[in-house]
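Enquirer: Everything below, folded, please.
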Amino acid sequence: MAGSQVQCLESEEPYAKVTESNPEFYYCEGQRLALEVLLAKGKDAFKECLSQEKLRAFLSDGEQQELIEAATAEDSQAPSSGGAGKHNRGDQGSSLSYWPGQSDEPTPDLELGWPEEGAWKGITRAEVYTHPPGEGAPHIKEVVRRCLQQANKVIAIVMDVFTDPDILSDLYDAAVRRRVPVYIILSRRHLESFLVMAEKMCLNVRYTEKLRVRVIHGCTFQSRHQKQVTGSLKEKFILADGEVAITGSYSYDCPLETQETWIQGTKSIFCLLTAALPPILSKECYFCEITASTRCPSTKMICEDDEDCFNGQGAAMGVSLIRNKGCTRAIYCGKEQPISYMGVTYSLVTNCCKGDMCNAAQGLTAPSFLLQLLFTSMLLLGGLL
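Expert: Just a heads-up that it's a prediction; the model follows:
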């Protein structure tokens, strides 16, 4: 007898029925029976069962259809004739007994290795990206690819749908050329699409030395009518070098895109989490607010570890240039982005440099230099006179 049942029998408190209005309500026996009817007899029988059990419709029409299509016979789970306590699972048998300290099949080891110093030390930065991207922000795919291309210790990906050839190419390049261990866990439901994509790219993911691909699926519901439904993988995240984690609703399928707009209408979001790193010397850069002046009055500022100094310059038709200075992340370096200043929209380009104070204050422009030379000459002439 389960511990919860024993506790219920020993309790002297009156039994409080949990209804659909209670926060702790998860499911009831009536819903389980209605689900079995749906898998065995279809939608009409399901509606009739809801009416008999006085249940509200807890499954939408789309969910009902999805469950019916996903339902399969339990032939692969039927007890084999080889003996009691075993059931057929391909060419291997596994015990139906539950052993808390020992599973039927050992968890696959990380045979490619894992960085020992890659322990998570806490989050120092959390950034949110959206698809489609906001004004001036990089696309989610660009952020992901930069993360994969910069990894040099380990890459681990868990993904439901993976059919993007560019991201797979980055992973293959990391495993083959940079010799970075790459682990990929996919949904069993979408494995075929992944293998077809790899075959079209002429990539042998099955026998790549530093690449491991495994598949998993969700929990399985088994009914009394020899029907079962198996769930699918929904997790989506990346771990890189034990220092960066990316998680959210974005899937690595390949949307159609044009130069100016995205044809795919799916909206998604993810977070880029950066772990705390050992303290290093702070980087200093010159900072200057956006100005239309030929000179950019600068003050010193301290940048983050992953930021570089930059000089920004913007242009627009019929007006003078604008300038600014400061710190920015590498993904924004060399990018052209629209920015509004004094009611005018400029095209601002950010040029980065390495090292402390490398975005030094600009020297005198040609006009100011000529004025200074003229002023000096006048002083000299005055002294001679």
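
Enquirer: And the helices in the stretch 251-385 of the chain?
Expert: Under the criterion DSSP state H, counting those that start in this stretch, helices of the stretch 251-385 of the chain are mapped to 366-384.

Enquirer: where exactly do the strands run in it?
Expert: Using DSSP state E, counting those that start in this stretch, the strands of the stretch 251-385 of the chain run over 268-275, 283-291, 299-303, 307-315, 322-329, 336-341, 344-353.

Enquirer: Next, the closest residue to residue 55 other than its chain neighbours: secondary structure please.
Expert: Leaving aside its sequence neighbours, residue 55 sits nearest to residue 30 (CB to CB, 6 or more residues apart in numbering; 5.2 Å). No exception for glycine: its C-beta is placed from N, CA and C like everyone else's. When classified by DSSP: H, G, I helix; E, B strand; the rest coil, residue 30 comes out as helix.

Enquirer: Number of residues surrounding residue 30?
Expert: Neighbours of residue 30 under the rule other CB atoms under 10 Å: 15.

Enquirer: and it, what is it in contact with?
Expert: 53-55 (CB atoms under 8 Å, 6 or more residues apart in numbering).

Enquirer: Which residues are in contact with residue 233?
Expert: 158-160, 185-189, 216-218.

Enquirer: residue contacts, the closest residue to residue 291 other than its chain neighbours?
Expert: Among residues not flanking residue 291 along the chain, residue 323 sits closest, at 6.0 Å (CB to CB, 6+ apart). Residues in contact with residue 323 (CB under 8 Å, 6+ apart) are 288, 290-291, 293, 296, 311-314, 362.

Enquirer: do that again at 10 Å, thanks
Expert: 288-296, 311-314, 348, 362 (CB atoms under 10 Å, 6 or more residues apart in numbering).

Enquirer: Now which of those would you call buried?
Expert: Neighbour counting over those (16 or more other CB atoms under 10 Å) leaves 288, 290, 296, 311-312, 314, 348 as the buried ones.

Enquirer: so which of those comes closest to residue 142?
Expert: residue 348 (18.3 Å; CB to CB).

Enquirer: The closest one bridge partners, please.
Expert: residue 314, residue 337 (DSSP bridges).

Enquirer: Same question for stretch 298-305: list its buried residues.
Expert: Buried residues in stretch 298-305 (16+ other CB under 10 Å): 298, 303.

Enquirer: Count the neighbours of residue 358 for me.
Expert: With other CB under 10 Å as criterion, residue 358 counts 16.

Enquirer: ok, it - contacts?
Expert: Per CB under 10 Å, 6+ apart, neighbours of residue 358: 283-286, 308-311, 352.

Enquirer: for the stretch 101-250 of the chain, what are the low-confidence residue spans?
Expert: 101-108, 117-123 (pLDDT under 70).

Enquirer: just the strands in it please.
Expert: Counting by DSSP E, counting those that start in this stretch, the strands of the stretch 101-250 of the chain are 123-131, 155-159, 182-187, 211-216, 220-222, 227-230, 237-240, 244-248.

Enquirer: roughly how far out does the shortest one sit from the chain middle?
Expert: In other words, strand 220-222. In this view, strand 220-222 has its centroid 29 Å away from the chain centroid, taken as CA atoms, centre = their mean, to the nearest Å.

Enquirer: related to what we said a few turns ago, drop anything exposed from the contacts of residue 30.
Expert: So, by 16+ other CB under 10 Å, none of the contacts of residue 30 is buried.

Enquirer: Turn those into CSV, columns for secondary structure and distance to residue 209.
Expert: Formatted as CSV, the contacts of residue 30 follow (DSSP: H, G, I helix; E, B strand; the rest coil; distance: CB to CB, whole Å):
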residue, secondary structure, distance to residue 209
53, helix, 56
54, coil, 60
55, coil, 55
